[in-house]
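Colleague: Sequence and predicted structure are below.
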Amino acid sequence: MQTLHALTLTACITAALAACQPHAAAPDATATTATGARQNTALETAVNAFIDGYFQRNPVFAANAGKHEYDGKLPDYSPAGLKANADWLHAQRAAFAAFTDAQLDAQGRFHRDYALAVIDGALFWLEDSGFAYNNPSFYTGDLSPSMYLTRPYAPLAQRMDAFIRYQEALPKAIEQIKANFKLPLPASYIDLGVDAFAGYASFFASDVPSIFAEVKDSTLQTRLTASNAAAIKATQAMADWLKAQRPQATQNFALGAEKFAKMLYATERVDIPLDQLKAAAEADLARNLAALKSACEQYAAGKTLQQCVAKEAADKPSGGAVEGARAQLATLRQFILDKDLVTIPGPEQAKVEEAPPFNRWNFAYIEIPGPYEKNLPSVYYIAPPDPKWTKAEQDAYVPGKDVLLFTSSHEVWPGHFLQFLHSNRSDWRFGQLFVGYAFAEGWAHYTEEMMFDAGLGDASPEAHIGQLSEALLRDVRFVSAIGLHTGGMSMAESETMFREKGLQDPGNARQQAARGTYDPAYLNYTLGKLMIMQLRDDWTRDKGGRTAWKQFHDAFLGFGGPPIPLVRAQMLGGKAEAKLWSAAMPAVPN
């Protein structure tokens with residue numbers, strides 16, 4: 001669940017933090033400064049060693065970051081390999097924890113805490129979640145070959161050689177994954193794995209030969225024929241094996257309250273009690289439902305909310321979702337410039353393409369080159385509807401143009417893509433590489449409401465319905481994640497909530513309920529958004545309020561992607577703590 005981001009500390013923030021530190025007598029201060037400088041240097045040496053070690057154990061992560069000496073390699077998924085990774089992470093954690101507050105300056109403490117958070121998150125997913133032994137999503141990100149096929153980081157023949165080596169490694173990796181799974185598996189996990197591995201097999205069979213057809217090297221073509229046949233066989237066999245597990249499938253997907261709470265702290269440094277989180281999720285859902293009712297009274301008077309949303313959804317983007325998104329990106333970029341909302345630090349643009357068959361578990365996502373790459377395009381992918389669905393469900397899956405407008409805001413301008421334009425210009429490599437789920441998705445989701453508040457779509461009722469449709473989807477994810485994993489909620493109950501309160505079409509509702517079982521952290525869209533909104537309000541309060549939004553956005557994007565409570569401590573001083581936007585956070589009795 002990690003992405004690639006940047007981290008910098010602006011001079012004003014560093015100065016403000018330094019001003020909050022206790023003052024000592026001059027001789028002691030000099031000695032402390034010298035000691036702190038030495039310890040900061042030692043810490044950065046440890047950080048660089050961690051990055052190198054992480055690359056060695058996670059070669060797909062490294063290659064995606066642009067370290068192409070790792071091309072074609074897959075991780076060791078054997079029990080011995082997983083244990084070795086866990087042992088290494090524990091040793092790294094001990095090494096970073098040994099740097100005490102007294103030894104480090106403010107920046108050093110932040111860097112240490114950021115590193116510890118990354119390690120704790122990795123250990124949670126590897127050890128505590130149990131996903132290595134039952135959840136295909138633990139592996140499918142590593143298995144994606146998109147980088148070799150769509151990212152022009154090298155001539156096609158060179159990428160073909162890397163892809164062949166990837167395919168040659170794939171059958172062994174799949175056998176290791178299969179051996180790791182402890183039967184019986186949850187039904188939704190099986191369905192995810194069947195779709196993913198069958199998607200790989202289909203893609204390898206139908207698309208791969210033509211992608212590399214122009215390469216005239218006969219040796220490479222012979223190797224590709226062999227590796228592709230083996231990869232098709234291995235991925236289809238895995239899909240078939242998983243399909244054969246369906247009769248014994250369970251509904252035992254819940255992490256339980258203890259593990260769920262541990263996930264939130266280990267991965268995001270959020271320690272808000274679950275009952276308060278649930279209340280905040282329900283409060284934001286109610287807030288957005290009320291706003292939708294108001295917008296619908298203007299847009300579709302006399303109709304139900306479902307009919308109102310259906311009316312908006314019927315106004316499809318011209319040429320389909322992919323063509324519609326392409327047309328929207330220029331408008332969004334110009335809107336950011338006209339309203340002076342956040343700095344656009346470079347000329348880069350994002351492409352829009354249809355998602356490949358092996359990665360269609362969500363409607364939209366973006367692939368962005370890592371920080372070691374230069375001058376390469378990012379691709380905003382949009383998934384077509386599942387051909388197995390009815391025609392009505394397929395038609396409903398394609399969003400209306402106003403919903404798509406805010407999806408494009410989320411993925412590109414000023415969401416993920418702009419975030420990476422900032423981060424990849426940073427001078428601290430660790431922050432470029434490791435980003436938390438709540439930071440990345442919280443920022444992207446935050447920008448949707450921020451853009452509407454700034455007047456996107458002329459603040460029309462239909463534009464508001466588009467923004468609120470996305471907000472309600474994420475609100476129901478927030479409620480569902482807590483319910484599915486800590487409250488005994490069934491997938492059917494979650495699906496009903498997505499239809500009735502998230503106002504999603506049947507196909508999306510079914511897909512989103514299933515995702516909640518194998519992606520328990522998908523509450524981070526709204527959780528991150530609410531933490532950012534509260535931080536914005538607190539930070540801008542004495543800086544002009546709304547007139548300081550651009551200043552806030554630029555400062556926030558400078559931190560890379562640590563847990564938002566760590567960013568809060570850097571921007572406001574004091575301890576790292578999770579605070580949700582006050583309008584969504586219920587009052588706690590004294």
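Modeller: Ah, there it is.
Colleague: Tell me how the chain divides into domains.
Modeller: For the chain, automatic domain parsing gives the domain ranges 13-129, 137-248, 274-572.
Colleague: Now do the shortest one: distance from first to last residue.
Modeller: Looking back up the chat, that one is domain 137-248. For domain 137-248, the first-to-last residue distance is 20 Å (C-alpha to C-alpha, to the nearest Å).
Colleague: pLDDT on that domain, on average?
Modeller: If you average the pLDDT over domain 137-248, you get 96.
Colleague: Ok, the last one next?
Modeller: Confidence for domain 274-572, expressed as mean pLDDT, is 94.
Colleague: for Asn359, what are its contacts?
Modeller: Ser144, Ser146, Ala196, Gly199, Tyr365, Tyr381, Ala383 (C-beta atoms under 8 Å, 6 or more residues apart in numbering). (Glycine included, C-beta is placed from N, CA and C.)
Colleague: go again using 6 Å as the cut-off
Modeller: Neighbour list for Asn359: empty [criterion: C-beta atoms under 6 Å, 6 or more residues apart in numbering].
Colleague: do the one 5 residues further on as well
Modeller: Ala364 makes contact with Ile382, Thr407, Glu411, according to C-beta under 6 Å, 6+ apart.
Colleague: what would the domains of the chain look like in CSV with distance to Lys259?
Modeller: CSV is the format used below for the domains of the chain (distance: least, C-beta to C-beta, whole Å):
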stretch, distance to Lys259
domain 13-129, 6
domain 137-248, 15
domain 274-572, 8
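Colleague: Quick one: the helices in the stretch 201-350 of the chain, in order.
Modeller: 208-211, 218-244, 257-268, 274-299, 305-314, 321-339 (DSSP state H, counting those that start in this stretch).
Colleague: closest one to Ser480 among those helices?
Modeller: When these are compared by C-beta to C-beta, helix 274-299 sits nearest Ser480, at 9.1 Å.
Colleague: tell me the angle of the closest one relative to helix 257-268?
Modeller: Per axes from the mean of the first three to the mean of the last three C-alpha atoms, to 10 degrees, the angle that helix 274-299 makes with helix 257-268 is 70 degrees.
Colleague: And helix 274-299, how far out from the chain middle?
Modeller: Helix 274-299 has its C-alpha centroid displaced from the chain centroid by 23 Å (C-alpha atoms, centre = their mean, to the nearest Å).
Colleague: Just put the helices of the stretch 201-350 of the chain in CSV and tack on mean neighbour count and distance to Asp105.
Modeller: Output for these, formatted as CSV (neighbours: other C-beta atoms under 10 Å; distance: least, C-beta to C-beta, whole Å):
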stretch, mean neighbour count, distance to Asp105
helix 208-211, 14, 50
helix 218-244, 17, 50
helix 257-268, 20, 25
helix 274-299, 18, 34
helix 305-314, 18, 52
helix 321-339, 17, 35
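Colleague: out of those helices, nearest to Ser582?
Modeller: helix 274-299 (10.0 Å).
Colleague: Give the other helices and strands that the closest one contacts.
Modeller: Applying 3 or more C-beta pairs under 6 Å, 6 or more residues apart in numbering; DSSP states H and E, we find helix 274-299 packed against helix 461-486.
Colleague: could you point out which element follows the helix it packs on?
Modeller: helix 491-500 (DSSP states H and E).
Colleague: Which positions in that following helix come out as buried?
Modeller: Residues Met491, Ser494, Glu495, Met497, Phe498, Arg499 are the ones in helix 491-500 that count as buried (16 or more other C-beta atoms under 10 Å).
Colleague: if I look at Ala310, how far off is Arg477?
Modeller: 21 Å (C-beta to C-beta, to the nearest Å).
Colleague: One more: Thr496?
Modeller: 14 Å.
Colleague: do the same with Ala231
Modeller: 33 Å.
Colleague: before we move on, what about Gln176?
Modeller: Distance from Gln176 to Arg477, by C-beta to C-beta: 31 Å.
Colleague: between the two, which one's more packed in?
Modeller: More neighbours surround Arg477 than the other of Gln176 and Arg477, with 28 against 18 (other C-beta atoms under 10 Å).
Colleague: excluding its backbone neighbours, what's nearest the more buried one?
Modeller: Closest residue to Arg477 apart from its sequence neighbours, by C-beta to C-beta, 6 or more residues apart in numbering: Tyr522 at 4.8 Å.
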